[in-house]
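[1] Below is the sequence, then the predicted model.
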Amino acid sequence: MEADKLITPQPFTPQSFDHEDEARVHVLDPEEAGRFVPELAPGAEREGADFQQRSDERVPGETDFASIKFQRENTLLTNVDKYAESIREEAELYVQQIRAEVERLNEQAEQRYAEAAQVKADAQAEAKALVEQAQQTAQATHDQAHQEGFEAGRQEGLAKRYAEAGPNLERIEEILQDLAGFHRQVTFYAEKDAIRLAMLMARRLLRQELTINNKAVWKLLAATLATLQGTGTFRIWLSPEDHQFASAARKSLERYLDEGQELTFRAKPGLPPGNILIETDRDIIDATFESQLHHLDSLIKQQLAERETTVLKPATRQPRTQRRAPPAAPGEEAAGDE
């Protein structure tokens, strides 16, 4: 193989000369050099110029070649391998710098892309929220307008119906007022009859109770004696039936007397059972239940007469200007309250 036949380049080895004459380099003059340099082929001059231009266009960061960086030994250049190694290291360092810069630019580009995507998402969300808000506002405006129109139509319809039914409503109100007056009168007369009936029943029950029950008579006597004031002799007139019972219960009744008071029981024919007449040195006290019921009946009649003047009084008609108007809308009521 031809590749196996390639000769591995050997490192440059500086040469040393024993004599100064041998170390001298023979410098050719231009005429002599022309004999050794062949004529340039067509276009070679242009290629040489291009090569010179490319040589002048140096890569940024490139280190200028200078012979002073080489050590001279017997006027020949040395340390070529070290120089080439330094060039390779500088080239590798420059490549690493370029790669780091490219990675940094890529990271910045990715970050800006992410920021742009976030800005786009935020803008879309904000636009969606604005659209929803606009839709809600439009719906609320539509609902409010619909409600206002409904209330306006309702009020207009009510006002029209009230205007049409005004006379009938006035007549109905008059009838209701008359019915209210009749109701008060009927209630009053029913109460009056009920009171009279209650008084009759009470009179009958009391008469029956005092005729049959001696304890009721004793309680009535005890209550009467407890109310006596002054000193002297008190003569108690009773029916013949009550006189017999009171004489037997004299001792239990005398304890209701005060000091200086004396008690005598006397029978009076024709006096109904349960009726008591008390005679003192100055006057006669009528303690019969008939007189008490009569007094109670007079009080009741007085109260009924006073109430009758109020109940049977003709009802005052409500003026037309004060009669109720059609109900106002909720918004109008709020405005009126303000």
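    Now that the structure is in, tell me what you want to look at.
[2] Spit out the contact partners of the residue lying closest to Ala246 once chain neighbours are set aside.
    Using CB to CB, 6 or more residues apart in numbering and skipping residues adjacent in sequence, the residue nearest Ala246 is Phe265, 4.9 Å away. The way it works is simple: take the backbone N, C-alpha and C, and place the C-beta from them, glycine included. Applying CB atoms under 8 Å, 6 or more residues apart in numbering, we find Phe265 in contact with 236, 238, 243, 246-247, 250.
[3] just checking, which of those residues belong to helices?
    243, 246-247, 250 (DSSP state H).
[4] could these be laid out in CSV, adding neighbour count and pLDDT?
    Shown next, in CSV, are these (neighbours: other CB atoms under 10 Å; pLDDT from 0 to 100):
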residue, neighbour count, pLDDT
His243, 17, 83
Ala246, 22, 81
Ser247, 12, 81
Arg250, 11, 80
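[5] between those, which is closest to Glu209?
    Ala246 (16.8 Å; CB to CB).
[6] which element is the residue nearest to Ala246 on?
    If you go by DSSP states H and E, Phe265 is part of strand 261-267.
[7] What residues sit buried inside that strand?
    Neighbour-count burial for strand 261-267, counted by 16 or more other CB atoms under 10 Å, picks out 261, 263, 265.
[8] with those in mind, which one is nearest to Glu306?
    Nearest member of the buried residues of strand 261-267 to Glu306, counting by CB to CB, is Gln261, at 41.1 Å.
[9] got the contact list for the residue nearest to the closest one when sequence neighbours are not counted?
    With sequence-adjacent residues excluded and distances taken as CB to CB, 6+ apart, Gln261 is closest to Thr231, at 5.9 Å. Counting by CB under 8 Å, 6+ apart, Thr231 touches 258-261.
[10] What strands flank the strand holding Phe265, and is each parallel or antiparallel?
    strand 232-238 (parallel) (DSSP bridges).
[11] For the buried residues of strand 261-267, point out the one with the lowest pLDDT.
    Across these, the member with the lowest pLDDT is Gln261, scoring 77.
[12] ok, that one to His183 distance?
    For Gln261, the distance to His183 (CB to CB, to the nearest Å) stands at 56 Å.
[13] ok, how many other residues are close to the residue nearest to Ala249 when sequence neighbours are not counted?
    If the residues on either side of it in the chain are set aside, Ala249 comes closest to Trp218, at 5.8 Å by CB to CB, 6+ apart. For Trp218, the neighbour count with other CB atoms under 10 Å is 16.
[14] Could you give me the buried positions within the helix or strand encompassing Trp218?
    Here Trp218 sits within helix 214-226, counting by DSSP H and E. Neighbour-count burial for helix 214-226 flags 214, 217-218, 220-221, 224-225 (criterion: 16+ other CB under 10 Å).
[15] try stretch 226-240
    Here stretch 226-240 shows 228, 234-239 as buried, counting by 16+ other CB under 10 Å.
[16] Need the distance between the two termini of that stretch.
    23 Å (CA to CA, to the nearest Å).
[17] Please enumerate the strands of this protein.
    72-73, 76-77, 232-238, 261-267, 277-279, 284-286 (DSSP state E).
[18] for the ones you listed, which one sits closest to Gly149?
    That would be strand 284-286 among these, by CB to CB, at 83.0 Å.
[19] what sits up against that closest one?
    By CB under 8 Å, 6+ apart, strand 284-286 touches 277-279.
[20] and which of these is nearest Lys120?
    When these are compared for distance to Lys120 (CB to CB), Ile278 wins out at 116.2 Å.
[21] for the closest one, what are its contacts?
    224, 228, 234-237, 284-285, 287.
[22] Of these, which one scores lowest on pLDDT?
    Ala287 (70).
[23] Leaving out chain neighbours, which residue sits closest to that residue?
    Ile276 (4.2 Å).
[24] Excluding sequence neighbours, find me the nearest residue to Glu241.
    Pro273 (5.3 Å).
[25] where's Trp237 relative to Ala248, distance?
    With CB to CB as the criterion, Trp237 and Ala248 are 17 Å apart.
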